[in-house]
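> predicted model and sequence follow; I will ask about them next.
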Amino acid sequence: MKKALVIGGGFGGCTAVHELKRLGDWYVTLVDPSNELGAGVRTRFYCGHPYTFGPRHFLTQNEHVYEYLLKHLDLRLCKEHQFITFVESDSQFYNYPIHYDDIKRMPDAASVYKEIGELEELYRDATFNLTTGSPLLERNSNNYEDFWVRSVGPTLYKKFIDKYTKKMWMIDNNSDIDDFSWSPKGVAIKYGGREGWDKAISAYPTAPDGYNSFFDNAALLCDEFIQTKVTCVQPHTLCASINGLDRDFDLIINTSPLDDLFNHQFGSLKYIGRHVEFSILPVEYALPKHVYFAYYAGSEAYTRIVEYKKFTCHSSPYTLISHEYPSSTKGKYYPMPTEKYRVMHQDYVGLCHSYMHNVGRIGLYNYRYDIDDVIEQVLNITSRL
């Protein structure tokens, strides 16, 4: 029987366990430091209120991946899901993505209309449309600040993007970010409905414990679940050190930081973490109808407030919210979207054996990847075995 090592028990690792055991003829060893699988997507409970580590709705434009998850979980569609942003300079909440109909409420609406008009005129004959988040616009921009100023003009950039991005990534200059394929959310300026997503499927499990059964079943399916960290992987091999023992495998599927696995040989990759604080409020709902969470684009220390019962449909006269604060010490959740670290990550990829596959946001060091992407990546890998 062939031996597979799965490093990490989040969505990618658990999907790998499900698929390898479905294929048969694989002895699967799953290694994760936690005694419960699911990482930040696992549902936990605070005073009876279910929550995850930040908002964890399932979002995809891939019908195949959606159908795959439906085989494992009952999901409800969240088509009504809206985002809002508090703009400190205006003392106002506005839709996000930026909505054209909100501009008239802005104190400097005339300047905003003028800038948008100038951009649309300047690029009238271009092969991309500035307000649709076109990949061609990404290729014609030099950095994150340039991308957004080209998309919406300097005034809207200052309102919605400038301070938010600096605090999210803990940087002083947004031009440091040179990968912006993960932004904007759908379109830069939205017309029509206020839902966050027009084309993508937005869904969430109907079970009170969310996705947990998917993770718990993976723990039962694997042949060996070791609650620890993989100390290292020997370069160009499938030999991993686990609890002081070197073990050989026929396949490794990795969802963890490569710099950790290769003993920081080329230096340390940079990640931004999160500190999350929870509060129960004495109201049934805190955010407006259909709004699941709110961004804060000003000088507040936090970036987002999440109201969990909007996802979970938990019944209570009270509501659980969380504040999210960027952190350089609380976890490795967001790979830094800069060329310096992407190049370093590729150096680490060069140390991987051809049968060592990295998946997900952390394994592939790419912020753009979400739950649906890591499922798709694992399905593609296992389909070729």
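In hand now; what should we look at?

> buried ones in the helix or strand hosting Val65?
Val65 belongs to helix 63-70 when assigned by DSSP states H and E. Within helix 63-70, the residues scored as buried using 16 or more other Cβ atoms under 10 Å are 65-66, 68-69. C-betas here are computed from N, CA, C, even on glycine.

> any residues touching the helix or strand following that helix, and which ones?
The helix or strand immediately downstream of helix 63-70 is strand 75-77, counting by DSSP H and E. For strand 75-77, the external contacting residues (Cβ atoms under 8 Å, 6 or more residues apart in numbering) are 58, 66, 69, 201-206, 313.

> now with 6 Å, please.
203, 205-206 (Cβ atoms under 6 Å, 6 or more residues apart in numbering).

> buried only: go through those residues for me.
Buried among the contacts of strand 75-77 (16+ other Cβ under 10 Å): 203, 205.

> Glu88: how many residues sit nearby?
Using other Cβ atoms under 10 Å, Glu88 has 13 other residues around it.

> show me where this structure has helices.
Assigned by DSSP state H, the chain shows helices spanning 11-23, 63-70, 109-122, 135-139, 144-152, 154-156, 163-169, 212-221, 258-261, 309-312, 339-349, 360-363, 371-383.

> okay, now the domains of this structure?
2-42+211-268+336-383, 82-190 (automatic domain parsing).

> and the buried residues of helix 63-70, which is closest to Ser34?
Leu69 (21.6 Å; Cβ to Cβ).

> quickly note the distance from that closest one to Gly48.
Here the criterion is Cβ to Cβ, to the nearest Å. By it, Leu69 lies 26 Å from Gly48.

> one more: Val230?
Using Cβ to Cβ, we find Val230 at a distance of 36 Å from Gly48.

> that older thread, I'd like the domains of the chain as TSV, with distance to Tyr296 appended.
Converted to TSV, these look like this (distance: least, Cβ to Cβ, whole Å):
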stretch	distance to Tyr296
domain 2-42+211-268+336-383	19
domain 82-190	5
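
> circling back to that earlier point, now the contacts of strand 75-77 in JSON lines, with pLDDT?
Formatted as JSON lines, these follow (pLDDT from 0 to 100):
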{"residue": "Ala203", "pLDDT": "97"}
{"residue": "Pro205", "pLDDT": "98"}
{"residue": "Thr206", "pLDDT": "98"}
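
> in strands, which of the contacts of strand 75-77 appear?
203, 205 (DSSP state E).

> burial count for Gly244?
With other Cβ under 10 Å as criterion, Gly244 counts 7.

> dump the residue contacts of it.
Listed by Cβ under 6 Å, 6+ apart, Gly244 has no contact partners.

> skipping its backbone neighbours, what lies nearest Phe83 in space?
Tyr96 (4.3 Å; Cβ to Cβ, 6 or more residues apart in numbering).

> pLDDT value on the one you found, please?
For Tyr96, the model assigns a pLDDT of 92.

> same check on the one 10 residues further on?
Here the pLDDT value assigned to Met106 is 98.

> and it, how close does it get to Cys239?
Where Cys239 is concerned, Met106 sits at a distance of 59 Å (Cβ to Cβ).

> do the same with Tyr308
Distance from Tyr308 to Cys239, by Cβ to Cβ: 42 Å.
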